[in-house]
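Asks: got a sequence here, can you build the structure:
(one chain, ligands or ions: 1)
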Amino acid sequence: MKTVGLAVGEPAPGVKKNDPILVVDHVTRRFGGLVAVDVEHLEIPRNAITALIGPNGAGKTTLFNLLCGFDKPNTGTWSYDGKSLAGIPAFKVARMGQVRTFQLTKALSLLTVLENMKLGAPKQRGERFWSSFFPALWRPQEKANEAKARELLTRFKLDAKEKDFAASLSGGQRKLLEMARALMSDPNLVMLDEPMAGVNPALTQSLLDHILGLKEDGMTVLFVEHDMHMVRHIADWVVVMAEGKVVAEGPPDTVMQDQAVIDAYLGSHQDVDLGVVTGRIAGELDAEARELLEEIREDEAQALAEAEEENK
Ligand SMILES: Nc1ncnc2c1ncn2[C@@H]1O[C@H](COP(=O)(O)OP(=O)(O)OP(=O)(O)O)[C@@H](O)[C@H]1O
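Replies: Prediction:
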């Protein structure tokens, strides 16, 4: 079910949100002479699913890294839940309830699925110097983490694989593990890095359902994705970047009709299906895309009707 009524006023770059969880102001990041990110103002709505899209090199990953403390901007301020995040390292940002998924690196692939999960737990008492001398202090924590890991693995249908090396998982199962691991720290905001990359169609629906499930559980989701089908299908709000700037934002249906979005994609992203991206080019929308568009319109109309009913 789509969430509507997120912005105050008409959708436009930098538009205010009714209840923002992340607020970005004048954030820039340069690499030598290249301005990779130059965002004037951006608000991410709470308890909704926001997609960050844009052509290759638009600055999406760089902005993502800045927001979760993995990189430092040259200028600007940004806050999460009203608290400034400038200068706060990633592990502290995670403790504040904002986590991001990580692609399974080579090293992590050589750990078992359960070990990967345990790495996602917030405080590892056993790792603290003094408490490591007192197993009684960390064993209960270890047990609790393990129980939580198993619960999440069951939810993500990976429980039968807990002893397997992560390297043996399929692309889709890895994505599920990345998501499950992020949930070990009970986050409020989950940032997903290309959740659909390398996922075969058999697992697509399950992944989409899990992402929608995060919203149902009260979390906020922000993700970077190239798969426009997925963006249309599950995003409540879409932010479009090009050349470091936010060039458009709004509900998926509106934003993909926007001239700035069409220009951004026509400029440097020839490989995407423009019919699907813009919904404009007659004859290029395949049957599946048309069906999806219809579904989204119905979802939005229903959500709008319900919101109006509630406001009466
Ligand atoms: N560490 C770095 N050093 C130098 N240039 C960088 C670095 N990281 C990113 N860039 C440059 O910054 C620009 C933005 O890159 P970024 O990876 O954020 O784009 P993106 O929108 O995520 O692209 P893609 O969709 O291809 O992943 C690109 O021109 C890229 O080459």
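Asks: and the pLDDT for Pro11?
Replies: We have a pLDDT of 89 for Pro11.
Asks: which parts of the chain sit against the ligand?
Replies: Contacts of the chain with the ligand, taken as C-beta under 6 Å from any ligand atom, map to 31, 34, 36, 54, 56-62. Bear in mind the C-beta positions are built from the backbone N, C-alpha and C, glycine included.
Asks: farthest pair in those residues?
Replies: Longest distance between any two of these is 17.0 Å, between Phe31 and Gly54; criterion C-beta to C-beta.
Asks: helices of the stretch 51-200 of the chain, start to end?
Replies: Under the criterion DSSP state H, counting those that start in this stretch, the stretch 51-200 of the chain contains helices at 60-67, 90-95, 106-109, 113-119, 135-155, 171-182.
Asks: export those as TSV, with columns for mean neighbour count and mean pLDDT.
Replies: Output for the helices of the stretch 51-200 of the chain, formatted as TSV (neighbours: other C-beta atoms under 10 Å; pLDDT from 0 to 100):
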stretch	mean neighbour count	mean pLDDT
helix 60-67	22	92
helix 90-95	15	84
helix 106-109	12	74
helix 113-119	20	90
helix 135-155	15	83
helix 171-182	22	90
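Asks: mind checking which residue lies nearest the centre of this protein?
Replies: Closest residue to the average C-alpha location of the chain: Phe223 at 2.4 Å, with C-alpha atoms, centre = their mean.
Asks: ok, back up a step: and of the helices of the stretch 51-200 of the chain, who's closest to Met241?
Replies: helix 60-67 (5.6 Å).
Asks: does anything pack onto that closest one? Which helices or strands?
Replies: Using 3 or more C-beta pairs under 8 Å, 6 or more residues apart in numbering; DSSP states H and E as the contact definition, the elements that helix 60-67 packs against are strand 20-31, strand 34-45, strand 49-53, strand 189-193, strand 220-224.
Asks: generate a PyMOL selection restricted to the buried subset of the residues of the chain next to the ligand.
Replies: Selection of buried members from those for PyMOL, criterion 16 or more other C-beta atoms under 10 Å:
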select buried, resi 36+54+57+58+59+60+61+62
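Asks: hang on, the earlier thing: pick the most deeply packed of the helices and strands packed on helix 60-67.
Replies: Comparing those by mean neighbour count (mean count of other C-beta atoms under 10 Å), strand 49-53 comes out on top with a mean of 26.
Asks: looking at that strand now, give me its mean pLDDT.
Replies: Mean pLDDT, strand 49-53: 95.
Asks: over to stretch 18-35?
Replies: Average pLDDT, stretch 18-35: 95.
Asks: what does it rub up against?
Replies: Residues outside stretch 18-35 that contact it (C-beta atoms under 8 Å, 6 or more residues apart in numbering) are 5-8, 36-47, 59, 62-63, 66-67, 71, 73-81, 188-189, 220, 222, 244.
Asks: try 6 Å this time
Replies: Contact with stretch 18-35 is made by 8, 36-39, 41-44, 46, 62, 73-80, 189, 220, 244, as judged by C-beta atoms under 6 Å, 6 or more residues apart in numbering.
Asks: with stretch 154-166 instead?
Replies: For stretch 154-166, contacts defined as C-beta under 6 Å, 6+ apart pick out 104, 108-109, 112-114, 116, 153, 176, 180.
Asks: wait, which of the residues you listed is closest to Met256?
Replies: The shortest approach to Met256 among the contacts of stretch 154-166 belongs to Leu176, at 27.7 Å (C-beta to C-beta).
Asks: ok, the closest one - contacts?
Replies: Residues in contact with Leu176 (C-beta under 6 Å, 6+ apart) are Phe156.
Asks: cutoff 8 Å now
Replies: Neighbour list for Leu176: 156-158, 203, 206-207, 210 [criterion: C-beta under 8 Å, 6+ apart].
Asks: I figured Lys16 hits Leu6, correct?
Replies: No - using C-beta atoms under 8 Å, Lys16 is not in contact with Leu6, being 10.1 Å away.
Asks: beta partners of the residue nearest to Thr77 when sequence neighbours are not counted?
Replies: With sequence-adjacent residues excluded and distances taken as C-beta to C-beta, 6 or more residues apart in numbering, Thr77 is closest to Asp25, at 5.0 Å. Legend: beta-bridge partners of Asp25 under DSSP bridges are His41, Thr77.
Asks: repeat that for Arg29.
Replies: Applying DSSP bridges to Arg29, the residues it is bridged with are Val37.
Asks: please tell me how far it sits from Val37.
Replies: Distance, Arg29 to Val37, by C-beta to C-beta, to the nearest Å: 4 Å.
Asks: over to Ser79?
Replies: Distance, Ser79 to Val37, using C-beta to C-beta: 17 Å.
Asks: Asp227 too?
Replies: Taking C-beta to C-beta as the measure, Asp227 falls 22 Å from Val37.
Asks: check contacts around Asp236.
Replies: By C-beta under 8 Å, 6+ apart, Asp236 lies in contact with 2-4, 6, 45, 48-50, 215, 251-252.
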